[in-house]
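**Q** show me how the following folds:
(2 chains)
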Amino acid sequence: MISRLSAISFNTFREAVRDRVLYNLILFALLLVASAPLFGEISIGLEKIILVNVGLSAISLFGIIIAIFIGIGLVAKEIEKKTLYTILSRPVRRWEFIAGKYIGLVMTLVVNAAFMAVGFYLALLMVSRGLGKDDAALLVGIYFIILEFLVVTSITLLFSSFSTPIFSAIFAFALFVIGTFADDLRNFAWAATGLTRWFSTAVVYLVPNFASLNVISQVAHGQPVSGRLILFNTIYALLYSAAAIAGAVLIFERRNLK
Amino acid sequence: MWALEINGLAKSYPVGFLRKTLKPALQPLHLTVEEGETFGFLGPNGAGKTTTLKLLMGIIFPTAGTAQILGRHFHDPEVKKQIGFLPEQPYFYDYLSATELLDYYAQLSGVPADERRKRIPALLERVGLADAGKKQLRKFSKGMLQRVGIAQAIVHDPKLVFLDEPMSGLDPIGRREIRELIQGLKDEGKTVFFSTHILSDAEALCDRVAVIHKGELRGIGVVEALKSATADQVEVIWHGAGALPAVSSLLKESRVTGDMVRAIVSTGSADLLLEKLRQQHAQLISFTPLHGALEDYFLAHTSDREEVKA
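**A** Presented below is the predicted three-dimensional model:
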């Protein structure tokens, strides 16, 4: 099982790398480094805060876009091109295929994030003329971004297990946007009454809470992130992703691949 | 033991938007294939051949029925270690080289790493791609892709190989190469089940064939027996052209060369012709039943006339 999972995930990673997605992102990272001195010109005194905000937001947004646009094709492309036929005629369980694809895409996103993080830290080095202890805390922000990737990839895979690529992209992106405003949604649910309260509370629990995974502004201002939040967010992201992947497997197990 | 035993496997798809009805793609199919046999699954396009193979591979699920492959339930993952499959007009990951592709598939089939290192170069040599192992598949011709397709189907040394239209879309050279590869599998004692609508390939390679049309099995048997089932003519050659006027009403056609006559007669009239030739003191040279081609059998079982009867 491990051998099959690693084969599928490595092949997914290899496909993304050879699709030159990574090269675009390395280019982005270099552009970020090159533009770093500009931040100092624009906002004297605030350059570091702005750089952290822009840099981490860019790592997050680029990763989410890649997660959605590669994620929607993970299953659909294999069905359309019939490559799945030669996989399923081997001793590969359908759940292994889904899990392998998921791990492969997450691997790709983590490598992307690592490359961009290197670019981000180089830019930081240029702006701050050195790295301090506080800058290590920015890694928590990057870690939370990776947790975001876990969740976004899983929901994209869930939608792509039953929907067309274009609808999967729309659903996944919509859910990401709604999840970004999860705190506002929770406040609304508490303020509401009757059926609206019941419905909005259900939505609050169902929609992935990307608001709590976003600590970019906090780390940019040098505020510490509690260990409790790190633990809870880790557990939340793992459980939410596992549930979405389980849903994708349940649907895919029953699907006739015409 | 049967290599393949299909027991009433059937597939229907719902059609229509509001009032859904079931449209059968495959009627309950009963079929057995012996170990070591090369079995041809014949039928025109859209007959249900690919549906049957997709059902057997677990790509789609049957509406009814079941199957056993090498003595186990067809969905048993253990079975899949012992079968190979080449889909119709296959597409492979074109960003991989032939070696990488075969390594990937061998890994999925549970072939250990050291075994893969030994087996893959030998396999590429066997399918005539020894020099193209490092080339990306996007640079391969259709014939080369089909040979890679056969290679991926046998990279884990399966006992039973399923090939869906393996010669489809190939030029005569490509077809001959694939035919030789299938013949090689047959010589190794592997069971080969292949679907085709190219009858000459089936005739050249298969021990037995089944004919399917409109999702329904129309006939099955040993190729020679099926061919002779369509034979209803006999070729008779005799010395004694003088006997010709007395028997001409029985003949479908005849040709006289000197004193020798070569005539074609229907099987039903053959006895009477022999009797009359004896009466005319003609000297019989040969009496040969004419075998039909597999094409005759195929056409007889997939024609509109047959559909009306069915």
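
**Q** looking at the stretch 1-150 of chain B, what residue ends up closest to chain A?
**A** Nearest to chain A in the stretch 1-150 of chain B, going by CB to the nearest CB, is B:Phe85, at a distance of 3.7 Å. In short, each C-beta sits where N, CA and C put it, glycine included.

**Q** can stretch B:22-35 be found next to chain A?
**A** No - using CB under 8 Å from any CB of the partner chain, stretch B:22-35 stays clear of chain A, with a minimum separation of 9.9 Å.

**Q** just to revisit the earlier point, secondary structure element holding the residue of the stretch 1-150 of chain B closest to chain A?
**A** strand B:83-86 (DSSP states H and E).

**Q** and the helix or strand that comes right after that strand, what other elements does it pack with?
**A** Using DSSP H and E, the helix or strand that directly follows strand B:83-86 along the chain is helix B:98-108. Under the contact criterion of 3 or more CB pairs under 8 Å, 6 or more residues apart in numbering or on different chains; DSSP states H and E, helix B:98-108 touches helix A:2-18, helix B:113-126, helix B:142-154.

**Q** in the last one, what's buried?
**A** Applying a neighbour-count criterion of 16 or more other CB atoms under 10 Å in any protein chain shown, one finds B:Gly143, B:Met144, B:Leu145, B:Gln146, B:Arg147, B:Val148, B:Gly149, B:Ile150, B:Ala151, B:Gln152, B:Ala153, B:Ile154 buried in helix B:142-154.

**Q** among those, which are within reach of chain A?
**A** B:Gln152.

**Q** the buried residues of helix B:142-154: which two are farthest apart?
**A** B:Gly143 and B:Ile154 (17.2 Å; CB to CB).

**Q** which residues of the stretch 51-200 of chain B lie near chain A?
**A** B:54, B:57-61, B:77-78, B:80-81, B:83-87, B:90-93, B:95-96, B:104-105, B:107-110, B:152, B:156, B:162.

**Q** now, of these, which are buried?
**A** In these, the ones that pass as buried (16+ other CB under 10 Å) are B:54, B:57-60, B:80-81, B:83-87, B:90, B:92-93, B:95-96, B:104-105, B:107-110, B:152, B:156, B:162.

**Q** how about the residue of the stretch 151-300 of chain B found nearest chain A: what's its closest non-neighbour residue?
**A** When scored by CB to the nearest CB, the stretch 151-300 of chain B has B:Gln152 as its residue closest to chain A, at 6.3 Å. Nearest residue to B:Gln152 in three dimensions, chain neighbours excluded: B:Tyr105, at 4.7 Å (CB to CB, 6 or more residues apart in numbering or on different chains).

**Q** surely that neighbour and A:Thr86 touch.
**A** Yes - counting by CB atoms under 8 Å, A:Thr86 is a contact partner of B:Tyr105 at 6.7 Å.

**Q** what touches both of the two?
**A** Residues touching both B:Tyr105 and A:Thr86 (CB atoms under 8 Å, 6 or more residues apart in numbering or on different chains): B:Gln152.

**Q** my guess is the residue of the stretch 1-150 of chain B closest to chain A meets B:Gly58, correct?
**A** No - under the criterion of CB under 8 Å, B:Phe85 makes no contact with B:Gly58, lying 10.2 Å away.

**Q** common neighbours of these two, please.
**A** Joint contacts of B:Phe85 and B:Gly58 (CB under 8 Å, 6+ apart) are A:Ser89.

**Q** which residues are contacting stretch B:50-67?
**A** A:84-85, A:88-89, A:254, A:256-258, B:4-12, B:22, B:25-26, B:28-29, B:41, B:69, B:73-75, B:80, B:85, B:87-88, B:162, B:164-165, B:195, B:212, B:215.

**Q** would you mind listing which of those are buried?
**A** A:84-85, A:88-89, A:257, B:4-6, B:9-12, B:25-26, B:28-29, B:41, B:69, B:74, B:80, B:85, B:87-88, B:162, B:164-165, B:195, B:212, B:215.
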